[in-house]
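A.B. asks: when you get a sec, could you give me coordinates for this:
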Amino acid sequence: MQFNVEEENLICLYHNADRRRTMAKLHAAQPDMDGEMAALARQTLTKLDTMTDADFEAYQFHFTDE
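C.D. replies: Presented below is the predicted three-dimensional model:
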């Protein structure tokens with residue numbers, strides 16, 4: 001699974017102990033997001049949903065300040 005910089009940064013902001021908790025935090029934040037950010041969150045959640053828990057644990061997420 002490949003994440004773009006924006007998706008990876010979003011995951012870093014909402015990262016929790018595991019994939020499901022990270023997804024829950026990101027999903028819960030969606031009502032407070034504007035249209036573009038909410039679309040990015042949906043796109044990211046779709047990718048996270050297709051991952052296994054093991055893949056999530058093995059993935060090295062890095063926040064990129066560009």
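A.B. asks: switch to C-alpha atoms for all contacts and neighbour counts from now on
C.D. replies: Fine.
A.B. asks: what about the spatially closest residue to Met51 that is not a sequence neighbour, neighbour count?
C.D. replies: Nearest residue to Met51, sequence neighbours excluded (CA to CA, 6 or more residues apart in numbering): Met1, at 7.2 Å. By the criterion of other CA atoms under 10 Å, Met1 has 9 neighbours.
A.B. asks: what distance do you get for Met1 to Ala58?
C.D. replies: Going from Met1 to Ala58 by CA to CA, to the nearest Å gives 11 Å.
A.B. asks: and for Pro31?
C.D. replies: Distance of Pro31 to Ala58, given as CA to CA: 29 Å.
A.B. asks: in this structure, which helix is the longest?
C.D. replies: Secondary structure of the chain per DSSP state H: the longest helix is helix 35-50.
A.B. asks: tell me the helices and strands packed up against it.
C.D. replies: Applying 3 or more CA pairs under 8 Å, 6 or more residues apart in numbering; DSSP states H and E, we find helix 35-50 packed against helix 5-14, helix 19-29.
A.B. asks: closest to Lys47 out of these?
C.D. replies: Ranking the helices and strands packed on helix 35-50 by proximity to Lys47 (CA to CA) places helix 5-14 first, at 9.3 Å.
A.B. asks: if we look at that closest one, which residues are touching it?
C.D. replies: Thr22, Met23, Lys25, Leu26, Leu40, Ala41, Thr44, Phe61, His62, Phe63, Thr64 (CA atoms under 8 Å, 6 or more residues apart in numbering).
A.B. asks: centre of the chain versus that helix, how much separation?
C.D. replies: From the chain centre to the centre of helix 5-14 is a distance of 5 Å (CA atoms, centre = their mean, to the nearest Å).
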